[in-house]
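In: I'd like to go over a predicted model; first the sequence, then the structure.
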Amino acid sequence: MIVAALVWWHARAGGFFSIPGLGGAASDNLGPMLPALCGGITVALALLVADAAAGTIAGLIAAVMIVALPGFMRLHASSLVGPPLLAVVMAMCATMIHAPRFSIAYGTIGAVGGFFVATEGVGLPLAAAAWALLQGNGAPALSRDTGRWQRVVLSLIPAVVVLVLAHLLGGAWPHGVVYGWRGGLDRGLRAAGAILGNQLAPSVSQPALRFLVIADLALIVIALLVVGWRRAGRQAPATSPLRRIFPVAGLLMIGLAIGLAGRTLLVTGTPEPDLAAVLPLVVLTVLALSVSLAWLWRYWPTWGRGVALVIGLGWLQAALRS
């Protein structure tokens, strides 16, 4: 609720959103409600998922880091597509973690996100199918695969239904889209990389220093995710959210990346990846990173905790200033 109120106030102060047919204060007050609700849902789901995986501290870290991201408030104050997509991705993440065999549920969420909300989410049904395929059946060894492919089919059926409805009723995939190979993947990667760099190294503009900061922080983040994933995979029970959160976040990021690459390469006239398309990747990384930090904290020596605090507080104050 606090985050929703902050997003609403920030979006209203920008004066960007309005509702046709309403004028004055009513339009100004009701216009920012969609991004405000989406922002609140996104942070609430991130907090709950991280809390279930690694405890209250992990949930609070995830919530604070997501809100502090330089692109979070900017996205919710300037877009009506990015906030719903981000909320859909977080809802799909929570469903995949807590109900891994309920494939039709997270398949439906991914299909709605990819075909009705934003075309860059077209890879989400693929992530749902991959997660359904990874789930065992709990049956005896001789029939271990029984039911697995049925869940994959159930995860993809909503995509077919929603795609048909999107063409009949309109949506993120309107009529008249022109498909054709156009290349330009390098341009898309540069655009996405620039946005990712802004989230990693906010307020750093000097080129050489910016490169060093981004490279160092990227290596640290990757190392923390890999070590946290390995420790969680070894120590956590198979049914624990801690063990599921890393592969789920990875599959969703791969699905989003496939959707972005496909849109860039195959859809004529599509724009380069923007903040609305890239921020879900950042939020998923922050979610997994928060869980990893909270889990590994107990194993670090005092000097390691001090270094982590210095880096974290330095990034936080730079992000808030930007």
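Out: Alright, I've got the coordinates.

In: what residues are up against residue 84?
Out: Going by CB atoms under 8 Å, 6 or more residues apart in numbering, residue 84 touches 34, 38, 113, 117, 118. Heads up, the C-betas are built off the backbone N, CA and C, glycines and all.

In: Please, which helix or strand holds it?
Out: Assigned by DSSP states H and E, residue 84 belongs to helix 82-98.

In: Only C-alpha atoms, please: export the helix or strand following that helix in CSV.
Out: Downstream of helix 82-98, the next assigned helix or strand under DSSP H and E is helix 103-112. Taking Å, rounded to 0.1, in the frame of the first residue of the first chain, the C-alpha atoms of helix 103-112 are listed here in CSV:
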residue,chain,number,x,y,z
SER,A,103,0.7,-25.5,-15.1
ILE,A,104,-2.5,-24.1,-16.5
ALA,A,105,-2.4,-21.3,-14.0
TYR,A,106,1.0,-19.9,-14.7
GLY,A,107,0.5,-20.8,-18.4
THR,A,108,-2.6,-18.6,-18.4
ILE,A,109,-0.8,-15.7,-16.7
GLY,A,110,2.1,-15.9,-19.2
ALA,A,111,-0.3,-16.0,-22.2
VAL,A,112,-2.2,-13.0,-21.0
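
In: Now do helix 103-112 against helix 82-98, angle only.
Out: Helix 103-112 and helix 82-98 meet at an angle of 160 degrees, taking axes from the mean of the first three to the mean of the last three CA atoms, to 10 degrees as the criterion.

In: And helix 103-112, what does it pack against?
Out: Contacts defined by 3 or more CB pairs under 8 Å, 6 or more residues apart in numbering; DSSP states H and E place helix 103-112 against helix 82-98, helix 124-134, helix 148-169.

In: Report the rounded mean pLDDT for the longest one.
Out: If I follow you right, that is helix 148-169. For helix 148-169, the mean per-residue pLDDT is 84.

In: residues near residue 122, how many?
Out: As a burial measure, residue 122 scores 25 neighbours (other CB atoms under 10 Å).

In: please begin residue numbering at 6 from this point
Out: All right, first residue 6 from here; so that's residue 127.

In: got the contact list for it?
Out: The neighbourhood of residue 127, defined by CB under 8 Å, 6+ apart, consists of 119, 120, 263, 264, 267, 268.

In: just the helices in the stretch 206-327 of the chain please.
Out: Counting by DSSP state H, counting those that start in this stretch, the stretch 206-327 of the chain has helices at residues 212-240, 246-271, 280-301, 307-326.

In: follow-up on the earlier one: want to throw the helices and strands packed on helix 108-117 into a markdown table with distance to residue 299?
Out: As requested, these are exported to a markdown table (distance: least, CB to CB, whole Å):
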| stretch | distance to residue 299 |
| --- | --- |
| helix 87-103 | 16 |
| helix 129-139 | 23 |
| helix 153-174 | 30 |
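
In: Go through those helices and name the closest to residue 273.
Out: For residue 273, the closest of the helices and strands packed on helix 108-117 is helix 153-174, at 18.1 Å, according to CB to CB.
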